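**Q** Sequence and predicted model, in that order:
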Amino acid sequence: QGFRAKFGRDPLPGIDTDLERITAHLELVLQIMDQRTEAKKNAAPRAAELRQRMIEALHRYAAAGKFPVNNFKSRRTPVFVDAASTPCAVGYLMQLSGASALCDEINQSEHRFSLLGSLPAGELKTRIQAWATQTA
């Protein structure tokens, strides 16, 4: 959706790079988070501060442009943390917020190549949702 929002079209295989795709996705996510921050302005000060730190960290992550590369699969597939220990955006935020153990657990599980939104119900998904609620 981010690529389409930025460029007005779907990405073209072999033409548009993963860097462009991921950057556009993160830009859209950050835009949405910034909009939702206004709605959450009356949150507890500590929660608002943590949310702002996570948004700032995500801005830095996106600007750095160093995203994981999946060398494990032959087709385009997301990877939570790649072979060079480069985390995806969520993994990066987990590591930054003190949830490295959760990041490692996801990366060592069968969900390493899954989109987090598609995880089946269960303890891991519940813990991820709890982490997201605490940091968002």
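**A** Happy to help now that I have it.

**Q** ok, then the element right after the lengthiest helix in the chain?
**A** Criterion DSSP state H: the longest helix present in the chain is helix 18-39. Beyond helix 18-39 in the direction of the C-terminus, DSSP states H and E gives the next helix or strand as helix 45-64.

**Q** what comes up buried for that following helix?
**A** Across helix 45-64, burial judged by 16 or more other Cβ atoms under 10 Å covers 50, 51, 54, 55, 57, 58, 61, 62. All C-beta spots, glycine's among them, are computed from the backbone N, C-alpha and C.

**Q** and if you look at stretch 21-28?
**A** Buried residues in stretch 21-28 (16+ other Cβ under 10 Å): 21, 22, 23, 24, 25, 26, 27, 28.

**Q** residues contacting the fifth one?
**A** Think residue 25. Counting by Cβ atoms under 8 Å, 6 or more residues apart in numbering, residue 25 makes contact with 1, 2, 3.

**Q** now stretch 75-94: how far from the chain's centre is it?
**A** Stretch 75-94 sits 9 Å away from the centroid of its parent chain (Cα atoms, centre = their mean, to the nearest Å).

**Q** Compute the first-to-last residue distance for that stretch.
**A** Stretch 75-94 stretches 26 Å from its first residue to its last (Cα to Cα, to the nearest Å).

**Q** List the contacts of it.
**A** For stretch 75-94, contacts defined as Cβ under 8 Å, 6+ apart pick out 18, 26, 29, 54, 57-58, 61-62, 66-73, 95, 100, 102-103, 106-107, 111-116, 131, 135.

**Q** quick one, phi/psi of residue 81?
**A** phi -140, psi 130 (degrees, to the nearest 10).

**Q** Sketch out the low-pLDDT regions of this structure for me.
**A** Across the chain, residues meeting the criterion (pLDDT under 70) sit at 39-43, 136.

**Q** residues contacting residue 71?
**A** 82, 83.

**Q** Residue 102 - how many residues pack around it?
**A** Counted with other Cβ atoms under 10 Å, the neighbours of residue 102 add up to 19.

**Q** got a list of what it touches?
**A** Each residue near residue 102 by Cβ under 8 Å, 6+ apart is listed here: 94, 127, 128, 131.
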